[in-house]
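1. Pasting a predicted model and its sequence here:
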Amino acid sequence: MPLTNRLTAELFGTFWLVFGGCGSAVLAAAYPALGIGFTGVALAFGLTVLTMAYSIGHISGCHLNPAVTVGLWAGGRFPARDIIPYWIAQLIGATVAAYLLLHIAQGAPGFELGPKGLAVNGYGPQSPGGYSLESGLIIEIVLTFGFLVVILGATDTRSPSGFAPIAIGLALTLIHLISIPVTNTSVNPARSTGPALLVGGLALSQLWVFWIAPIIGALLAGGFYRQLAPQPLPPAISGEPL
């Protein structure tokens, strides 16, 4: 696919992830009598990735996440020259989604954009459960690592075909079920950046954690999977008969 097509797909796919995932928290989980709750938000994030993987996976690979892009590069699945263009498209999609969510939320009587608005990620006073910086770093690294191992394994040509989006979507649901109380769950620098840019303040000052930790986890996972399941060499290189 031409790069322009791939970047357009990434922009829309990341928009869909942030609008659907963060939107479920901002618009659908805020009301005790009607809200979808903690589990519903986790499921919403998983569904955004599952639906986009089937829709645009054949166009861009459906990264929707700078950590996924760099992790696929570390795993030998993605060219370095396309990392920055993918990141830019993902950040634009996430920011547009956050802006649109804010515009919609402002239509409710008495709405105020607080320091934890738009489902921003954070630690300490920004953490839903008050978890520390150390806890936030550890869980974001570990869960991004696991997420990338699932992605690399499910999309391996030796894996059963057609089921990767299901595995990846369910993995993201599981990740949110674990870590929403800790950091409000990032594992995705673009998802964190869009809302933080609009909320500002503490959310923006803590944003570095949600770039550094997911990228570390993704790089570790890429290297780990290459050692765990090395691709066989073509016969002409391995010395086997053609």
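-> Right, received. Where do you want to start?
2. switch to C-alpha atoms for all contacts and neighbour counts from now on
-> Noted.
3. pLDDT below threshold where in this protein?
-> 30-34, 232-242 (pLDDT under 70).
4. Now do the helices in it.
-> Counting by DSSP state H, residue ranges of the helices within the chain are 3-23, 37-60, 66-74, 83-105, 133-154, 164-183, 189-199, 201-205, 209-228, 235-238.
5. name the helices or strands packed onto the second one?
-> To tie it back to what came earlier, the one meant is helix 37-60. If contacts are counted by 3 or more CA pairs under 8 Å, 6 or more residues apart in numbering; DSSP states H and E, helix 37-60 sits against helix 3-23, helix 164-183.
6. Just the buried residues of that helix, please?
-> 37, 40-54, 56-57, 59-60 (16 or more other CA atoms under 10 Å).
7. Contacts made by it with the rest, please.
-> For helix 37-60, contacts defined as CA atoms under 8 Å, 6 or more residues apart in numbering pick out 1, 5-7, 9-10, 13, 16-17, 20-22, 24-25, 29-30, 61-62, 165-166, 168-177, 180.
8. from the residues you listed, which would you call buried?
-> Using 16+ other CA under 10 Å, the buried ones in the contacts of helix 37-60 are 6-7, 9-10, 13, 16-17, 20-22, 24-25, 29, 61-62, 165-166, 168-177, 180.
9. what's the distance between the residue most central in space within the chain and Ala53?
-> Closest residue to the average C-alpha location of the chain: Asn188 at 3.6 Å, with CA atoms, centre = their mean. Using CA to CA, to the nearest Å, we find Asn188 at a distance of 16 Å from Ala53.
10. try Pro66
-> Distance from Pro66 to Ala53, by CA to CA: 16 Å.
11. what does Ser186 give?
-> 19 Å.
12. Likewise for Arg158?
-> 18 Å.
13. How much space separates His103 from Val49?
-> Distance, His103 to Val49, using CA to CA: 24 Å.
14. can you check Gln227 too?
-> 27 Å.
15. cool, Ile138 as well?
-> 23 Å.
16. Surely the residue nearest to the centre of the chain and Pro214 touch.
-> Yes - Asn188 is within contact range of Pro214, at 6.4 Å (criterion: CA atoms under 8 Å).
17. No more questions from me, cheers.
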